[in-house]
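Asker: Have a look at this prediction, sequence included:
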Amino acid sequence: QVQLVESGGGLVQAGGSLRLSCAASGSIISINAMGWYRQAPGKQRELVAVIRSGGNTNYEDSVKGRFTISRDNAKNTVYLQMNSLKPEDTAVYYCNANIWAMSSWATGATDYWGQGTQVTVSS
């Protein structure tokens, strides 16, 4: 069974910083892309940033230059460093990973989700 466990959310003032972490555990063969999504109240979940196994990254336009996604393949962990936070960044942040697990070795990689962590930015 594969699990994604997130940490690092919280309350911060505008202009502040937070670092989110997401660790994948279980019987993992390999991990492809890892990313962060967010969902604000009354809005659809949106992709914030993604990092592929080779290190290539993509960011949602509103976070470019403020957020940095990185990963530690040895620890099966993805990070999101968030700087210059704005009230509009307030949302529940979800980790996502495309993982080839032993439990589904014959069918290939599957998307897994973390439980979500609340980020609140006060003005």
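Answerer: Yep, that arrived.
Asker: List phi and psi for the residue of the chain most remote from its centre.
Answerer: Centroid-distance maximum for the chain: residue 106 at 26.4 Å, with C-alpha atoms, centre = their mean. Phi and psi for residue 106, reported as degrees, to the nearest 10, are phi -80, psi -20.
Asker: now swap in residue 16 and tell me
Answerer: Dihedral pair for residue 16: phi -80, psi -170, per degrees, to the nearest 10.
Asker: my read: it touches residue 85, true?
Answerer: Yes. With contacts counted by C-beta atoms under 8 Å, residue 16 reaches residue 85, the gap being 5.4 Å. The C-beta positions use only the backbone N, C-alpha and C, and glycine is treated the same way.
Asker: more neighbours, these two?
Answerer: Neighbours were counted for residue 16 and for residue 85 using other C-beta atoms under 10 Å; residue 85 has more, 22 against 14.
Asker: Quick check: which element contains the closest residue to that one other than its chain neighbours?
Answerer: Residue nearest to residue 85 in three dimensions, not counting chain neighbours: residue 121, with 4.6 Å by C-beta to C-beta, 6 or more residues apart in numbering. Taking DSSP states H and E as the definition, one finds residue 121 inside strand 117-122.
Asker: quick revisit: what about the residue nearest to residue 85, neighbour count?
Answerer: Neighbourhood size, residue 121 [other C-beta under 10 Å]: 20.
Asker: That one contacts residue 14, correct?
Answerer: Yes. Here residue 121 reaches residue 14: they are 5.7 Å apart, a contact under C-beta under 8 Å.
Asker: which residues are common contacts for those two?
Answerer: Here residue 121 and residue 14 share the contacting residues 85-87, scored by C-beta atoms under 8 Å, 6 or more residues apart in numbering.
Asker: quick one: the strands in the protein?
Answerer: 3-7, 10-13, 18-25, 28-39, 46-51, 57-59, 67-72, 77-82, 91-101, 110-113, 117-122 (DSSP state E).
Asker: now those strands as JSON lines including mean pLDDT?
Answerer: Rendered in JSON lines, the data for the strands of the chain read as follows (pLDDT from 0 to 100):
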{"stretch": "strand 3-7", "mean pLDDT": "96"}
{"stretch": "strand 10-13", "mean pLDDT": "98"}
{"stretch": "strand 18-25", "mean pLDDT": "98"}
{"stretch": "strand 28-39", "mean pLDDT": "97"}
{"stretch": "strand 46-51", "mean pLDDT": "98"}
{"stretch": "strand 57-59", "mean pLDDT": "98"}
{"stretch": "strand 67-72", "mean pLDDT": "98"}
{"stretch": "strand 77-82", "mean pLDDT": "98"}
{"stretch": "strand 91-101", "mean pLDDT": "97"}
{"stretch": "strand 110-113", "mean pLDDT": "96"}
{"stretch": "strand 117-122", "mean pLDDT": "98"}
